[in-house]
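Novice: dropping a prediction and its sequence here:
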Amino acid sequence: MSDLNRRSTPLFPMSIITSLTDLTARQIRYYEENGLVHPARSKGNRRLFSFNDVDRLLEIKDLIDKGVNLAGIKEMLSNKTTKTETEEVPKEEKLEVEVKQALSDRELRNLLRKELLEAGRLNKNSLRQGELSRFFH
DNA sequence: ATTCTCACA
DNA sequence: TGTGAGGA
């Protein structure tokens, strides 16, 4: 499985996302309503987030803290994807994004490892163990 | 037990 | 944004 696929695979439920991002479920659902994130859904209509979703939510949180409103965030995030044919992109800005993502990944691994251990300890789980285990081979 | 949608003292 | 009701 490619890295790109891995990062976009829907894996975690709300509870994990709230602890990973420090955002409330209410906020996350609200951001989704405004088209800032599009988590997948399980059969039971539960939201399933991917690593990409987590990164996106962390960026959103960052912008919110900086006082950017949802409309503004929506633009910035979409521009980020549509900025392929634009032109010059400050090298410094690129590096900053890369570093931020690297840090995000590191934190995610730690938190996820913790989640897995706790889930396993409390012995009770279906989706997490099977799906997430592949990230820690 | 968890998450979902909807609505508002 | 928080929170509680009523379902799944």
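Specialist: Cool, the structure landed. Residues are numbered from 1 along each chain as shown, chains lettered A, B, ... in the order given.
Novice: so where's chain A shaky on pLDDT?
Specialist: A:80-89, A:99-108, A:110, A:114-137 (pLDDT under 70).
Novice: check which helix or strand the residue in it that DNA strand B sits nearest to maps to.
Specialist: Minimum separation of chain A from DNA strand B (C-beta to the nearest atom of the strand) falls at residue A:15, amounting to 2.8 Å. The way it works is simple: take the backbone N, C-alpha and C, and place the C-beta from them, glycine included. Residue A:15 is part of helix A:14-21, with elements assigned from DSSP states H and E.
Novice: contact partners of the helix or strand residue A:26 falls within?
Specialist: Following DSSP H and E, the helix or strand that holds residue A:26 is helix A:25-33. Helix A:25-33 has contacts (C-beta atoms under 8 Å, 6 or more residues apart in numbering) with A:14, A:17-18, A:21, A:23, A:37-39, A:47, A:57, A:60, A:70.
Novice: tell me which residues in that helix are buried?
Specialist: By neighbour count on 16 or more other C-beta atoms under 10 Å, the buried set for helix A:25-33 is A:27-28, A:31.
Novice: anything in the next helix-or-strand element following that helix near DNA strand C?
Specialist: As assigned by DSSP H and E, the chain's next helix or strand after helix A:25-33 is strand A:40-41. No: using C-beta under 7 Å from any atom of the strand, strand A:40-41 stays clear of DNA strand C, coming no nearer than 12.5 Å.
Novice: list the contacts of strand A:40-41.
Specialist: If you take C-beta under 8 Å, 6+ apart as the criterion, strand A:40-41 is touched by A:10, A:47-50.
Novice: note down every partner strand of the next helix or strand after that strand and its orientation.
Specialist: With elements assigned by DSSP H and E, the helix or strand that comes after strand A:40-41 is strand A:47-48. When sheet partners are counted by DSSP bridges, strand A:47-48 sits next to strand A:40-41 (antiparallel).
Novice: now do the helices in chain A.
Specialist: Assigned by DSSP state H, chain A shows helices spanning A:3-8, A:14-21, A:25-33, A:51-65, A:70-82, A:91-121, A:127-132.
Novice: my read: residue A:74 touches residue A:56, true?
Specialist: No: with contact defined as C-beta atoms under 8 Å, residue A:74 does not count as touching residue A:56 (11.3 Å).
Novice: great, nothing more from me.
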